[in-house]
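Chemist: Got a predicted structure plus its sequence, pasted below:
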Amino acid sequence: MDRSLDDRQYLMKPDSRLVSLERLADGGYFKNSRKMKVNWYLPSVPFLFRVIRPMNNLETLSILEWELTLTDDLPQLFRSCPKLTELRLKLFESKKLEMNEELENELRSGFQRLQIFELRWDIDSGPVSREVLT
């Protein structure tokens, strides 16, 4: 099943869509979804995780329009979606990346589980990213 959301036309009134999606997520409508593509042009990452968190069967996720962080958002995503094997996203970090060994291991495990990974990256932390992704 493919859940596709394109919100460009709703930039002026996004609240009604947010409420609708939250109700669907709370009602379990996305629980068995295996694929999700989100085109969302608002910086509302906490909302994204409220919708994705119950999607334990999610295998494919494409969220190229949102800027997620390597240290805060991705570990939460990997925990929420243990079957995730295909991921397309945009990463952004505005602070210096500092990770402990536990976080590095969690990210490494999540990335190694992926079969397909597409990345758009706005980040200034080459050594840390190479360490996690290898």
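Modeler: Sure thing, it's come through.
Chemist: residue contacts, residue 89?
Modeler: 61-64, 66, 68, 118-120 (CB atoms under 8 Å, 6 or more residues apart in numbering). In this view, the C-beta of every residue, glycine as well, is placed from N, C-alpha and C.
Chemist: So what pairs up with residue 116 in the strands?
Modeler: Beta-bridge partners of residue 116, counted by DSSP bridges, are residue 86.
Chemist: How much space separates it from residue 72?
Modeler: 23 Å (CB to CB, to the nearest Å).
Chemist: least trustworthy helix or strand in this structure by mean pLDDT?
Modeler: Lowest by mean pLDDT, DSSP states H and E among the helices and strands of the chain is strand 2-6, with a mean of 46.
Chemist: mind listing what's buried in whatever helix or strand comes next after it?
Modeler: Where DSSP states H and E defines the elements, the next helix or strand beyond strand 2-6 is helix 15-26. In terms of neighbour count (16 or more other CB atoms under 10 Å), helix 15-26 has its buried residues at 18, 21, 25.
Chemist: which element is the nearest residue to the first one once chain neighbours are set aside on?
Modeler: For residue 18, ignoring the flanking residues on the chain, the nearest one in space by CB to CB, 6 or more residues apart in numbering is residue 47 at 5.9 Å. Of the helices and strands defined by DSSP H and E, residue 47 is found in helix 45-52.
Chemist: repeat for residue 90
Modeler: strand 86-92.
Chemist: List the buried residues in that strand.
Modeler: Buried positions in strand 86-92, judged by neighbour count with 16+ other CB under 10 Å: 86-87, 89, 91-92.
Chemist: what's the closest of those residues to residue 108?
Modeler: residue 87 (14.3 Å; CB to CB).
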